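Enquirer: Starting from these lines, generate the structure:
(2 chains, ligands or ions: 2)
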Amino acid sequence: MRLPCPLCGERDLREFYYQGAAVSLTRPDPDAGADAWADYVHLRENLPGDLEEMWHHAQGCGAWLVVTRNTATHVVKGAKLAMDTKRADTKRADTKGART
Amino acid sequence: MRFSGLRVLKEGLTGNKGWTPHWRDPEPRSEYDVIIIGGGGHGLATAHYLASVHGITSVAVLEKGYIGGGNVGRNTTIVRANYGLPGNSEFYSHSLKLWEGLEEDLNYNVMHSQRGIINLFNSDGARDAAARRGNQMMSQGDDAVLMDNAAVRKLIPYLDFEQTRFPIYGGLYHPRGGTARHDAVAWGFARAADQRGVDLIQQCEVTGIDIVDGKVRGVQTTRGPIRAKKIGMAAAGRSSQVAAMAGMRLPIESHVLQAFVTEGLKPCIDTVITYPMGHFYISQSDKGGLVFGGALDFYSSYAARGNLPMAEHVIENALTLMPMLTKAKVLRSWGGIMDMSFDGSPIIDKTHIDGLYLNCGWCYGGFKATPGSGNVFAHLIATDTPHEVAKGHRLDRFRTGRGIMDEEAAGSQHNLH
Ligand SMILES: Cc1cc2nc3c(=O)[nH]c(=O)nc-3n(C[C@H](O)[C@H](O)[C@H](O)COP(=O)(O)OP(=O)(O)OC[C@H]3O[C@@H](n4cnc5c(N)ncnc54)[C@H](O)[C@@H]3O)c2cc1C
Ligand SMILES: [Zn+2]
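Expert: Numbering: from 1, shown residues only, chains lettered A, B, ... in the order given. Ligands and ions are numbered 1, 2, ... in the order given. Below is the predicted model of the structure:
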């Protein structure tokens, strides 16, 4: 398995650290309540197929990536910088007033 | 058909013509008292104990593939009771005791071999931890021997003790640990359950769980709908997929764990050895193959196969510990889908749906749990109360934070356990 880092190009699996499903892009609000937080920390969809997940290019440029990968076949569909994804998300949420 | 020494002798002398299939191949009935989803070790053991301990024989085990095709036939067969935390330690202790009487209980040779297991350590801190764990194991009635370097050298002289990176200080030896023939465990439980009237339905994938007014009614399968009063989910690596049919999300991620076996060699490793550098472990099967493995590949997977970096890493571990293995040829490698829970410990509990029970979160250590898991899950399904030794394996511990059993102290990240 190789991951296409947007900054470094296609790199060997060994250069990356894996954090799991990309739930951290949609963190609940601090006062969202215990259930929302328990859900966020522990519960996962975890179905075979395409999954958005967080990978850290730890032995490379140090960027956090959002990778789309099929968990049934290991086929990597693409990777974006988490920084951009997060910003875009926050902006969208801001305009709706959902997040400050 | 019962197995006995006499029977083997008689069959041997008469051309082995009298053996019959180990279990029937029945058509599913329209209704059962209990349906177990998943014909792995845990599902089959649950069916066996439902029938033998609780007298519940209107039971079907639904298996989407074939008996023994899941993790029960893919693991590296280590059986032990050296867990550290309350909740787990008494459960695995209970399971090991069941192993010790299993062959008589099942009338089946599962080749359970208490050849011992030694957990090596490489530092003073790790020695202290091993001493503490050993004391704790002994205080609950299990066995443990703390060995220094000289004692380990006597037990397994062929290690590279002097290597500079991870020198071997000693080990914690657990003489009652060992291995068992994994397929035989599946077959033995299957045969015993079948003989008591349990229907084992293979090539039968559950595709839906019928729930009416918060209560289970039955399942939809590739072989038609089947009604049931109670349903136990024991789908190991596919637990999240099955639970999703009941609208549940679980504190589970599925990961891949690989294992490796060499060509058959003359007997050389007569115990199980574990090496903390990269979770490495090795034993020798009765056929002579060296069976070994290491850590997870560390990314979510349903592929039941891994990638080469972990293969290389595991083999580096093997050669660091035992340079004599440079000449051994690896014959096969494979992977299994692991139901990694968020504290590395299993879940055996009722769900919020009446009549729906959950058994999952076995991570990479559920083979040793097979009799124990089946035994306590059958108890839960039959009596609606958790078994004494499985009281801690609750589903709500993740939500409340109470009773988390984090053996590796890794926190809530599935792949670090
Ligand atoms: C490489 C490797 C090494 C391991 N080494 C060890 C070890 O040394 N010691 C140890 O204690 N443990 C070990 N384990 C872990 C152990 O094998 C598992 O924890 C345990 O086998 C899981 O329980 P099971 O036997 O019931 O699982 P499985 O055999 O996987 O059973 C689950 C069954 O459910 C079926 N199923 C899934 N979905 C459906 C559906 N929708 N409908 C019908 N059926 C379905 C599957 O086909 C499968 O047969 C290892 C695992 C692996 C992969
Ligand atoms: Zn990079």
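Enquirer: In chain A, what residue lies closest to ligand 1?
Expert: Across chain A, the shortest distance to ligand 1 (Cβ to the nearest ligand atom) belongs to residue A:48, at 10.6 Å. Every residue, glycine included, has its C-beta placed from N, CA and C.
Enquirer: Quick check: that residue touching residue B:241?
Expert: Yes: contact between residue A:48 and residue B:241 holds when scored by Cβ atoms under 8 Å: they sit 6.9 Å apart.
Enquirer: Tell me how far the residue of chain A closest to ligand 1 lies from residue B:360.
Expert: Here the criterion is Cβ to Cβ, to the nearest Å. By it, residue A:48 lies 16 Å from residue B:360.
Enquirer: Same check on residue B:317?
Expert: Here the criterion is Cβ to Cβ. By it, residue B:317 lies 29 Å from residue B:360.
Enquirer: what does residue B:112 give?
Expert: Applying Cβ to Cβ, the value for residue B:112 to residue B:360 is 25 Å.
Enquirer: go on, residue A:75?
Expert: Here the criterion is Cβ to Cβ. By it, residue A:75 lies 27 Å from residue B:360.
Enquirer: More neighbours: these two, which one.
Expert: Taking other Cβ atoms under 10 Å in any protein chain shown, residue A:75 and residue B:360 do not tie; residue B:360 has more neighbours (30 against 12).
Enquirer: got the residue ranges for the strands in chain A?
Expert: Secondary structure of chain A (DSSP state E): strands at A:2-5, A:9-12, A:17-21, A:50-56, A:64-70, A:76-81.
Enquirer: Could you export these as JSON lines, including distance to residue B:213?
Expert: Listed next are these as JSON lines, based on distance: least, Cβ to Cβ, whole Å:
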{"stretch": "strand A:2-5", "distance to residue B:213": "47"}
{"stretch": "strand A:9-12", "distance to residue B:213": "53"}
{"stretch": "strand A:17-21", "distance to residue B:213": "32"}
{"stretch": "strand A:50-56", "distance to residue B:213": "34"}
{"stretch": "strand A:64-70", "distance to residue B:213": "37"}
{"stretch": "strand A:76-81", "distance to residue B:213": "41"}
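Enquirer: wait, which of those strands is closest to residue B:222?
Expert: For residue B:222, the closest of those is strand A:64-70, at 23.2 Å, according to Cβ to Cβ.
Enquirer: Next, the angle strand A:50-56 makes with the closest one.
Expert: 150 degrees (axes from the mean of the first three to the mean of the last three Cα atoms, to 10 degrees).
Enquirer: mind listing the strands for the stretch 151-300 of chain B?
Expert: B:170-174, B:178-179, B:199-201, B:206-212, B:215-221, B:226-233, B:252-264, B:272-275, B:280-284, B:289-300 (DSSP state E, counting those that start in this stretch).
Enquirer: Tell me the helix or strand right after the biggest helix by length in chain B.
Expert: Among the elements of chain B assigned as helix by DSSP state H, the one spanning the most residues is helix B:124-139. Under the assignment DSSP states H and E, the closest C-terminal helix or strand after helix B:124-139 is strand B:145-148.
Enquirer: which residue packs closest to the residue of the stretch 101-250 of chain B found nearest chain A, ignoring adjacent ones?
Expert: Proximity of the stretch 101-250 of chain B to chain A (Cβ to the nearest Cβ) peaks at residue B:240, 3.8 Å away. With Cβ to Cβ, 6 or more residues apart in numbering or on different chains as the measure, residue A:46 is the residue that lies nearest to residue B:240, at 3.8 Å, once sequence neighbours are left out.
Enquirer: what's the neighbour count on residue B:64?
Expert: Neighbours of residue B:64 under the rule other Cβ under 10 Å: 21.
Enquirer: got a pLDDT number for it?
Expert: Listed pLDDT for residue B:64 reads 98.
Enquirer: Alpha carbons of the strand or helix carrying residue B:33, as PDB, please.
Expert: Per DSSP H and E: residue B:33 is located in strand B:31-37. C-alpha atoms of strand B:31-37 as PDB (Å, rounded to 0.1, in the frame of the first residue of the first chain):
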ATOM      1  CA  GLU B  31     -38.100 -20.900  13.900                       C
ATOM      2  CA  TYR B  32     -35.700 -21.500  16.700                       C
ATOM      3  CA  ASP B  33     -35.500 -20.400  20.400                       C
ATOM      4  CA  VAL B  34     -32.000 -19.100  19.800                       C
ATOM      5  CA  ILE B  35     -30.100 -18.000  16.700                       C
ATOM      6  CA  ILE B  36     -26.400 -17.500  16.900                       C
ATOM      7  CA  ILE B  37     -24.900 -15.300  14.100                       C
END
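Enquirer: No further questions, thank you.
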